[in-house]
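Q: Build the 3D model from these lines:
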Amino acid sequence: MDHEALATQLVRALAAGELTALTSRFDEAMAAAMSEADLGALFGDLERRVGAYQGIVETRKEPHDGLVVVDVVTSFERAPLAIRLAFDGEGRIAGLFLRPAAQDGAYEPPPYAAADRYREENVTVGGPPYPLPGTLTLPSPGPPGGAPALVLVHGSGPQDRDTTLGPNKPFADLALGLASRGIAVLRYDKRTKVHGQAIARAVANGEPFTLREETVEDALAAAALLRGHAAIDPDRVFVLGHSLGGTAIPRIAAGDAEIAGFVLLAAASERLEDAIVRQHRYIAELDGQLSDEERALLEKSEALAREVKALRDPAAGPIHGIPAGYWLDLAAHPPLHEIASVRRPLLVLQGGRDYQVTDAAFASWREALASHPRATFTRYPTLNHLFIAGEGPSRPEEYLKPGHVAEAVIDDIAAFVSGGAKRGP
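A: This is a model prediction of the structure:
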């Protein structure tokens, strides 16, 4: 029996919602422990926590206590995970576990980070009921009058302050690289990572949860924290948004007129439900073939997109584990329209190998900002969504390879932030 091929087939069926393909193979103990409804709820909760399933990266097989254990390393939007299936001698599923994908080695600072040029201190962004632990990386020694500073705003999913993805920590790279160049950087754990259970209870009690509660409020609190810090020049506080954080930039700008300027890093511009369909299709077609499981997953994501577009009632049930009000709020704030009201300096950066936020999005920002007097655009042909270099078509598995944000990106952001712009209309 080819256990790896079987495990791959079963994980694709799970992602496509074909739960019976797995439950029909459960042994007696598994059948007693997990129903089909339980399995569906487990996978749904997983996608709520780490984003949409994107594809299979690799499989790893090993014997264990008379069983054959296969780890199917999968790519989700915000993390690589291993779905572990344990098979008995008859090919029945005797165990199913979810675990982080194995990673080799600890994080190493990028070569452009100079440890003698920065220091770090712990801070808390915001306050009750959702205080967030963060790290402020300061140039050392700091310049007279205070350093310019940058807030880093995460993309989708419950991310940590470093936006850790596999062995990579792009926000840590940005913080250490920029502080080595004289710019203070504040990064913090995302609200949905630190307070996920409390947020779920609040939503169940009818409290709103939109991009504002998820991202915008904390970015505003972080900018205010920097302006009040003795080592920061309050007139030179900037905000960087990555991916969905870039989508939020017009709303962050509207909430704080004192922010000096903004960096849009692989900023998403299309509707979220359309992005999910496009990314699923891209990954499914990478090998030039479309399997039945991949076709089923595409149909599932297309059905989700239709359901979201038909949504009208904010009190309706969640779609894809996301409250109806969240989807409606996104639709009510088209970023390409709202960016026109932001007249402060803007730096828009794009990786040419990014399949999550593509060149089409970059072009749409350029068009929306065509008349903006202080908007700058830079594309890096070899960089992916994390702004790490690679070759060929970008694939989910490359996120499992250690790398660092390209130094050119650090240099361009540093030039923009330190270029003399101060807060003002």
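Q: tell me the SS of the closest residue to residue 368 other than its chain neighbours?
A: Using CB to CB, 6 or more residues apart in numbering and skipping residues adjacent in sequence, the residue nearest residue 368 is residue 336, 4.3 Å away. Using the backbone N, CA and C atoms, a C-beta is placed for each residue, glycine as well. Using DSSP: H, G, I helix; E, B strand; the rest coil, the secondary structure recorded for residue 336 is helix.
Q: surely residue 336 meets residue 269?
A: Yes: look at residue 336 against residue 269 with CB atoms under 8 Å: they come within range, at 5.4 Å.
Q: When the two are compared, which one has more neighbours?
A: Ranked by neighbour count (other CB atoms under 10 Å), residue 336 and residue 269 place residue 269 first, with 22 against 17.
Q: same for the lowest-mean-pLDDT helix or strand in the chain, what does it pack against?
A: Across the helices and strands of the chain, mean pLDDT, DSSP states H and E gives its lowest value to helix 36-50, namely a mean of 75. On a contact count with 3 or more CB pairs under 8 Å, 6 or more residues apart in numbering; DSSP states H and E, helix 36-50 meets helix 3-15, helix 20-23, strand 67-76, strand 93-100.
Q: how about low-confidence regions in this protein?
A: Applying pLDDT under 70 to the chain flags the ranges 45, 48-49, 78, 100-105, 420-425.
Q: quick one on the thing from earlier: what's the angle between the least confident helix or strand of the chain and strand 93-100?
A: Our comparison of helix 36-50 with strand 93-100, counting by axes from the mean of the first three to the mean of the last three CA atoms, to 10 degrees, yields an angle of 10 degrees.
Q: Run the angle between helix 36-50 and strand 67-76 for me.
A: Using the same axes, to 10 degrees, the inter-axis angle of helix 36-50 relative to strand 67-76 is 50 degrees.
Q: Pull the residues that contact helix 36-50.
A: The contact list for helix 36-50 (CB atoms under 8 Å, 6 or more residues apart in numbering) reads 14-15, 17, 19-20, 22-23, 34, 53, 76-79, 81, 96, 98, 157-158, 196, 320-322.
Q: can you state the direction angle for it and helix 3-15?
A: Using the same axes, to 10 degrees: helix 36-50 against helix 3-15 is 80 degrees.
Q: Can you show me the CA trace of helix 36-50 as PDB?
A: Taking Å, rounded to 0.1, in the frame of the first residue of the first chain, the C-alpha atoms of helix 36-50 are listed here in PDB:
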ATOM      1  CA  GLU A  36     -18.000  13.500  10.800                       C
ATOM      2  CA  ALA A  37     -19.400  16.700  12.400                       C
ATOM      3  CA  ASP A  38     -16.400  16.800  14.800                       C
ATOM      4  CA  LEU A  39     -14.000  16.500  11.900                       C
ATOM      5  CA  GLY A  40     -15.700  19.200   9.900                       C
ATOM      6  CA  ALA A  41     -15.700  21.500  12.900                       C
ATOM      7  CA  LEU A  42     -12.000  20.700  13.500                       C
ATOM      8  CA  PHE A  43     -11.000  21.700  10.000                       C
ATOM      9  CA  GLY A  44     -13.200  24.700  10.000                       C
ATOM     10  CA  ASP A  45     -11.600  26.000  13.200                       C
ATOM     11  CA  LEU A  46      -8.200  25.300  11.700                       C
ATOM     12  CA  GLU A  47      -8.900  27.600   8.700                       C
ATOM     13  CA  ARG A  48     -10.300  30.300  11.000                       C
ATOM     14  CA  ARG A  49      -7.000  30.300  12.900                       C
ATOM     15  CA  VAL A  50      -4.400  30.000  10.100                       C
END
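Q: just how off-centre is it within its chain?
A: 19 Å (CA atoms, centre = their mean, to the nearest Å).
Q: Identify the contacts common to residue 336 and residue 269.
A: Contact with both residue 336 and residue 269 is made by residues 364-365, 368, according to CB under 8 Å, 6+ apart.
Q: Tabulate those (a markdown table), appending neighbour count.
A: Below are those laid out as a markdown table (neighbours: other CB atoms under 10 Å):
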| residue | neighbour count |
| --- | --- |
| 364 | 17 |
| 365 | 22 |
| 368 | 20 |
